[in-house]
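Undergrad: quick one, fold the following:
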Amino acid sequence: MIASPGATHVSKKRPLEEFPTPQFRRDGYLPLNGPWEFEITKSEDFPSAFRKSILVPFAVETELSGIGQRVCKDDVLHYRRAISVPPSFNRGRVFLHFQAVDQVADVYLNGLKVGHHEGGYLPFVIELTSMHRDENIIDVVVKDDTDSPIYPRGKQKNKRGGIWYTPTSGIWQSVWLESTPVERIRDFKITPDFQQKTVRFQLEFEGKIRSGRAYISCNGKAVTDVAIDENGFAEASLANYFRPWSPDSPTLYDVRFEVNNDLVYSYFAMREFGKIDLMGHNVFALNGKPLFLSGVLDQGYWPESGLTPPTDESILADLNLLKSMGFNMVRKHIKIEPMRWYYHCDRLGLIVMQDLVNGGAPYKNFLIYTAPFIKYRFNDEKKGTIKTLGREKEASRRFFLSELEGTIQALYNVPSIAIWTIFNEGWGQFQTKEALKRLKGIDTTRLVDANSGWYDQKVGDFNSRHLYFQKLKVMRRRLDERILSLSEFGGYSLQFQGHVFSKKAFGYKKFEGQKELNTAISRLYLEQVVPLLKDGLSISVYTQLSDVEDEINGLVTYDRKIQKVDVAVMQKIHRSLHF
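TA: Numbers count the residues shown, from 1 in each chain. The predicted structure follows:
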């Protein structure tokens, strides 16, 4: 079994103990990552004995969890942990946070059910109202039907192989306790107005706001403070200390909210995403100026820990590599990362194209294998098309739209997210126009790639193409006001023995050595991508950051121990890849 360098630095007592949500931080924090009692049964009843220990927050299938076992749809996962809350910690209310549990979870406190959640990728929180003074027992009971047509699954598949990966079951992101006053800030939205040089805060508060204020600083310097009204609203001018955020200068403002006796820390950035005319074509614009987005596809998988980064330093190593190569964007592919991943993108200045997590019925192989060569013209409003693309069940469509809203709400305050991607290559696609309308009803500050790859419905902000087998010159288009985006391409593969997940190897074009690979990638960019800028190409997304299981088309190997593509090669490419 291969493993990344981060695997050797994982604490067996308190892994990933950094504060999980830098965008919403209080001082009252008790991490619950670490060893939990564990058992797999066929019943939702609590087991009579727990014979195993699992290292939370690593999924059951992973080596780092200590279990390393595949989960069947009739399996029931049982987690148990005893907790004691010091009197000094409890400020009036105690909440139990789960950043992500896949797929259906029931939570119990001292034998009584206190919460239920369905999904797999979004956070949820449960208030613990009847805790004992001394020891308390938390039980989490989880079921996961990976191939279910109802829930989101991303690239997970029970029968893994090729572009599909080992499933993720159970708790796979951080768990922690938080204490707040009885009257508390429940949530907030931060909306920068770049043109007016102002920022708006909209807080949701439990109780009555008697006094509230937002204190803003930047680079350690106090900038301004502003009153929060009884409806939780505040607006602050930054005209006297205006610092735009960009990949070259990722300036962040810190903000501290004080409402009654509650205190919450966050941050924001002054930036604006849009489109602008350049030589007769609409192109991506940052802060009102054209910017070519050069990014990579990032699946966010690790050989020893699946969807969970083994350490915070592992996240940084990946992102710093991209920055050193000259990339200014990363496409987060069909996954929602731990919030610290976004925090580091914010700090480092990496623009994010964020995919929604796909689902639906299993995708039809004949479409997957022929869509790159045949231009299907599907109307995804029709029942037959909806069935073909895997969304025949109404419950599946309803759940996707609910997750769409939940995803936008969960990630709204992330400064680096510039683009939402709704559907990728038709996987679970349906009624794109309605999904786009719902998304725009929640967030008007970002652009939307409604259809990445196949089955374009002619809506959204992008004419979004995936090209792996044809020369890129076929991308030229007429009479389309949308931004031209090469949202997937490349996929050049090189295998290193001793650094692969399996004997199988998947890639779009295979090479035998690093020199040959680097030369081919350089020619691909300089001879095919760069010439398209004059035709309005505004975004390129190379596949991909790292190898993932059978896929060996990464800039680095799956274990991150061999860098296949030279930094100097990519830096030279990026000197030519701009407007």
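
Undergrad: number of residues surrounding residue 517?
TA: Using other CB atoms under 10 Å, residue 517 has 22 other residues around it. Placement of C-beta: from N, CA and C, glycine included.

Undergrad: residues touching the closest residue to residue 558 other than its chain neighbours, list them.
TA: Nearest non-adjacent residue to residue 558, counting by CB to CB, 6 or more residues apart in numbering: residue 547, 4.0 Å away. Residue 547 is in contact with 499-501, 553-554, 556-558, counting by CB atoms under 8 Å, 6 or more residues apart in numbering.

Undergrad: in JSON lines, list the residues you listed along with pLDDT, distance to residue 427 and neighbour count.
TA: Converted to JSON lines, the contacts of residue 547 look like this (pLDDT from 0 to 100; distance: CB to CB, whole Å; neighbours: other CB atoms under 10 Å):
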{"residue": "499", "pLDDT": "97", "distance to residue 427": "29", "neighbour count": "18"}
{"residue": "500", "pLDDT": "96", "distance to residue 427": "26", "neighbour count": "19"}
{"residue": "501", "pLDDT": "95", "distance to residue 427": "22", "neighbour count": "22"}
{"residue": "553", "pLDDT": "97", "distance to residue 427": "19", "neighbour count": "27"}
{"residue": "554", "pLDDT": "98", "distance to residue 427": "21", "neighbour count": "28"}
{"residue": "556", "pLDDT": "98", "distance to residue 427": "26", "neighbour count": "21"}
{"residue": "557", "pLDDT": "98", "distance to residue 427": "27", "neighbour count": "23"}
{"residue": "558", "pLDDT": "98", "distance to residue 427": "23", "neighbour count": "26"}
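
Undergrad: filter the residues you listed down to the ones in helices?
TA: Members of those lying in helices (criterion: DSSP state H): none.

Undergrad: want to throw those into a markdown table with distance to residue 96?
TA: Output for these, formatted as a markdown table (distance: CB to CB, whole Å):
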| residue | distance to residue 96 |
| --- | --- |
| 499 | 39 |
| 500 | 40 |
| 501 | 35 |
| 553 | 40 |
| 554 | 37 |
| 556 | 37 |
| 557 | 38 |
| 558 | 34 |
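
Undergrad: can you tell me which of the residues you listed is nearest residue 263?
TA: Of all those, residue 556 has the smallest distance to residue 263: 41.0 Å, by CB to CB.

Undergrad: hang on, that closest one packs against residue 564?
TA: Yes. Judged on CB atoms under 8 Å, residue 556 makes contact with residue 564 at a distance of 6.2 Å.

Undergrad: so where's the chain shaky on pLDDT?
TA: 474-478 (pLDDT under 70).

Undergrad: what helix or strand is residue 106 located in?
TA: Secondary structure from DSSP states H and E places residue 106 in strand 104-109.

Undergrad: check which element follows that strand along the chain.
TA: strand 112-118.

Undergrad: tell me the angle that next one makes with strand 104-109.
TA: Per axes from the mean of the first three to the mean of the last three CA atoms, to 10 degrees, the angle that strand 112-118 makes with strand 104-109 is 160 degrees.

Undergrad: check which helices and strands strand 112-118 sits against.
TA: When contacts are defined as 3 or more CB pairs under 8 Å, 6 or more residues apart in numbering; DSSP states H and E, strand 112-118 sits against strand 104-109, strand 124-127.

Undergrad: which stretch among the ones you listed comes nearest residue 485?
TA: Across the helices and strands packed on strand 112-118, closest to residue 485 is strand 124-127 (CB to CB), at 33.1 Å.

Undergrad: so which bits of the closest one are buried?
TA: Within strand 124-127, the residues that count as buried by 16 or more other CB atoms under 10 Å are 124, 126.

Undergrad: the strand holding residue 106 pairs with which strands?
TA: Using DSSP bridges, strand 104-109 pairs in its sheet with strand 112-118 (antiparallel), strand 135-143 (antiparallel).

Undergrad: between these, which one is nearest to residue 543?
TA: Nearest of the strands paired with strand 104-109 to residue 543, taken as CB to CB: strand 112-118 at 31.3 Å.

Undergrad: how far is the closest one from where the chain is centred?
TA: Taking CA atoms, centre = their mean, to the nearest Å, one finds the center of strand 112-118 at 25 Å from the center of the full chain.

Undergrad: which residues does that strand contact?
TA: 96, 98, 101, 103-108, 124, 126-130, 151, 399.

Undergrad: which parts of it are buried?
TA: Residues of strand 112-118 classed as buried by neighbour count (16+ other CB under 10 Å): 114-115, 117-118.

Undergrad: and stretch 130-137, by the same measure?
TA: Neighbour counts over stretch 130-137 (16+ other CB under 10 Å) mark residue 136 as buried.

Undergrad: quote the end-to-end distance of it.
TA: This stretch, stretch 130-137, spans 11 Å end to end (CA to CA, to the nearest Å).

Undergrad: so how far is that stretch off the chain centroid?
TA: Its chain's C-alpha centre lies 35 Å from the corresponding centre of stretch 130-137 when counted by CA atoms, centre = their mean.

Undergrad: got it, and stretch 557-565?
TA: How far stretch 557-565 lies from its chain's middle: 22 Å, per CA atoms, centre = their mean.

Undergrad: could you export it as PDB, CA atoms only?
TA: This file holds the C-alpha atoms of stretch 557-565, laid out as PDB (Å, rounded to 0.1, in the frame of the first residue of the first chain):
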ATOM      1  CA  THR A 557       2.000  10.600  -8.300                       C
ATOM      2  CA  TYR A 558      -0.800   9.500  -6.100                       C
ATOM      3  CA  ASP A 559       1.500   9.300  -3.100                       C
ATOM      4  CA  ARG A 560       2.900  12.800  -3.900                       C
ATOM      5  CA  LYS A 561       6.400  11.500  -3.700                       C
ATOM      6  CA  ILE A 562       7.300  12.000  -7.400                       C
ATOM      7  CA  GLN A 563       6.700  15.200  -9.300                       C
ATOM      8  CA  LYS A 564       6.200  14.200 -12.900                       C
ATOM      9  CA  VAL A 565       5.900  17.700 -14.400                       C
END
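
Undergrad: so what touches it?
TA: Here stretch 557-565 makes contact (CB under 8 Å, 6+ apart) with 2-6, 301-303, 314, 317-318, 321, 325, 494, 496, 499-501, 514, 517-518, 521, 546-549, 552, 554-556.
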